[in-house]
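Q: this one's structure only:
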């Protein structure tokens, strides 16, 4: 007989909104969402969460794990431990920064072998579209990758070169043949090459080297090609507010276009980046506060589909903390464990709700990956993936206390709202604060930490998505 569990809270975030409820689960799946005071199934084990909020487990479709090959930058064990400690139950790994990159089915096998038995989250993989691998794309698709990433300018690693226009069209036509998804780092190389590039510690100089017009021109070109070729296209890590009207118009015209942004673009501003603080470097860059306001409005209007981390860590020496040189430091924000509290801190200040946050960070990414039949919501038939959050409690970010392999993050020293108390993956407690899980209703005494034994699975794109 399958054991039933019940998680009960006065604040459960469902697709219909937040309400008191008792969520019944069995064999890793949600079987019922009952009124809070409804009679419970006989023999069910009940955990009463009190006023802590029960959210659907977050889905992060933009994570650079870098394993194998550059596991000293991160790694499957540390990245996914950080994820579950931050309330994330599903991640999709990017195809570059690992060696080999995920550009052939054989390379995907290497990646899966490195991950197997070491992941705390359910973990899937993007493929890569690079010069010369067009013939490999269908085999990668058939092997279960969720789509294909490309760059329109140099990626920063030699083994993952960018696509020029001719090769971009070639890849788009091949993907359109089997309705694959192209996900794009969209900055125009000519505008980047023509922008001023000065070495040194001044953030203003680095910001000038990645002008918003580079994003806007690249996105306009992708919209034109997507309309012509019929390819599904997803814009990665949108930072430039000027592209929002282009995106909105394209979607009204029926172009098959989706868009993401990231916690750092929604919570950090150029005005507050200290000179020499290279932990804030990312490409495209963190822009000004007025730009950020437009991104928040685009989220509220549904023009931006989802919020994902773009967790792109490196070793401390590659961040050049000793020199503070923005021109040569590795570009990437390390934030996987912090995305939920960072976004919630700013969302609550702007009048948004936890239902909004769940839509942006769980339902939206699940829909992008084609996982919305099983992930992304507290609803009957979905996986029993949950985040338990104390939304009013605050904490101050100490990089040394994060699961990330390298203790460096742009959020160091910031006080954030929202402490993750516990995380459940398919009904199993995978991260808990002190005291959690020792008895029904036992309150967590601190932020969640990943439990020792990884319980995640390797997942594939649902076959009916093809």
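A: That came through, no problem. Please read these numbers as outputs of a predicted model, since none were measured by experiment.
Q: mind checking the SS state of residue 222?
A: Secondary structure for residue 222, judged by DSSP: H, G, I helix; E, B strand; the rest coil, is helix.
Q: for it, give me the pLDDT.
A: Note for residue 222: predicted pLDDT of 98.
Q: ok, how many other residues are close to it?
A: Neighbour count for residue 222, taken as other Cβ atoms under 10 Å: 25. For glycine as for every other residue, the C-beta is placed from the backbone atoms N, C-alpha and C.
Q: swap in the one 3 residues further on?
A: Around residue 225 there are 19 other residues, counting by other Cβ under 10 Å.
Q: next one: residue 56
A: 29.
Q: would residue 83 count as being in a strand?
A: No. Using three-state DSSP, the secondary structure at residue 83 is helix, not a strand.
Q: what is the least confident helix or strand in the protein?
A: None of the helices or strands of the chain scores lower by mean pLDDT, DSSP states H and E than strand 449-450, at a mean of 94.
Q: show me how far it is from its chain's centre.
A: Centroid displacement of strand 449-450 relative to its chain, using Cα atoms, centre = their mean, to the nearest Å, is 18 Å.
Q: listing partners with orientation, what would you give for that strand?
A: strand 428-432 (antiparallel) (DSSP bridges).
Q: in the strand it pairs with, which residues are buried?
A: 429-432 (16 or more other Cβ atoms under 10 Å).
Q: could you dump the residues you listed into a markdown table and include pLDDT?
A: A markdown table is the format used below for the buried residues of strand 428-432 (pLDDT from 0 to 100):
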| residue | pLDDT |
| --- | --- |
| 429 | 97 |
| 430 | 98 |
| 431 | 97 |
| 432 | 96 |
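Q: nearest to residue 337 among the residues you listed?
A: residue 431 (10.0 Å; Cβ to Cβ).
Q: got the contact list for the closest one?
A: 84-85, 120, 420, 422-423, 448-451 (Cβ atoms under 8 Å, 6 or more residues apart in numbering).
Q: just the buried members of those?
A: 84-85, 120, 420, 422-423, 448-451.
Q: tally of neighbours for residue 17?
A: Burial measure for residue 17: 9 neighbouring residues, criterion other Cβ under 10 Å.
Q: count of neighbours near the closest residue in space to it that isn't next to it in sequence?
A: Spatially, and ignoring its direct neighbours in sequence, residue 17 is nearest to residue 355 (5.6 Å; Cβ to Cβ, 6 or more residues apart in numbering). Residue 355 has 16 neighbouring residues, counting by other Cβ under 10 Å.
Q: residue 355 belongs to a helix?
A: Yes. Looking at residue 355 with three-state DSSP, it is inside a helix.
Q: which residues sit in contact with it?
A: 13, 17-18.
Q: any chance of those in a markdown table, plus secondary structure and pLDDT?
A: Formatted as a markdown table, the contacts of residue 355 follow (DSSP: H, G, I helix; E, B strand; the rest coil; pLDDT from 0 to 100):
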| residue | secondary structure | pLDDT |
| --- | --- | --- |
| 13 | strand | 98 |
| 17 | strand | 96 |
| 18 | strand | 98 |
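Q: does residue 80 touch residue 456 like I think?
A: Yes. Between residue 80 and residue 456 there is a contact under Cβ atoms under 8 Å: 6.0 Å.
Q: residues bridging contact with those two, i.e. touching both?
A: In contact with both residue 80 and residue 456: 119-121, 123, using Cβ under 8 Å, 6+ apart.
Q: which residue comes closest to residue 34 once chain neighbours are left out?
A: According to Cβ to Cβ, 6+ apart, the nearest residue to residue 34 is residue 22 (4.5 Å).
Q: what bridges to that neighbour?
A: For residue 22, the beta-bridge partners are residue 8, residue 34 (DSSP bridges).
Q: just the helices in the stretch 351-466 of the chain please.
A: 354-358, 364-368 (DSSP state H, counting those that start in this stretch).
Q: name the stretch among the ones you listed that sits most buried.
A: When the helices of the stretch 351-466 of the chain are scored by mean count of other Cβ atoms under 10 Å, the highest mean neighbour count falls to helix 364-368 (a mean of 24).
Q: for that helix, what is the distance to the chain centroid?
A: Centre-to-centre, helix 364-368 and its host chain are 10 Å apart (Cα atoms, centre = their mean).
Q: returning to what we had before: the helices of the stretch 351-466 of the chain: which one's closest to residue 413?
A: Each of these has some distance to residue 413 by Cβ to Cβ; the shortest is helix 354-358, at 23.0 Å.
Q: what segments of the stretch 1-150 of the chain are strands?
A: Under the criterion DSSP state E, counting those that start in this stretch, the stretch 1-150 of the chain contains strands at 4-14, 17-26, 29-35, 45-48, 53-56, 58-63, 88-93, 122-125, 127-128, 148-151.
Q: got a list of contacts for the first one?
A: The contact list for strand 4-14, computed with Cβ under 8 Å, 6+ apart, reads 18-26, 31, 33, 36, 40-41, 43-56, 354-355, 358, 377-379, 384, 386, 388, 424, 427.
Q: emit the ChimeraX select command for whichever of those are buried.
A: Here is the ChimeraX command that selects only those of these that count as buried (16+ other Cβ under 10 Å):
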select :18,21,22,23,24,25,26,31,33,40,41,47,48,49,52,53,54,55,56,354,355,358,377,378,384,386,388,424,427
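Q: just the contacts of residue 355 now: which is nearest residue 199?
A: Distances from residue 199 to these, taken by Cβ to Cβ, are shortest for residue 13, at 46.5 Å.
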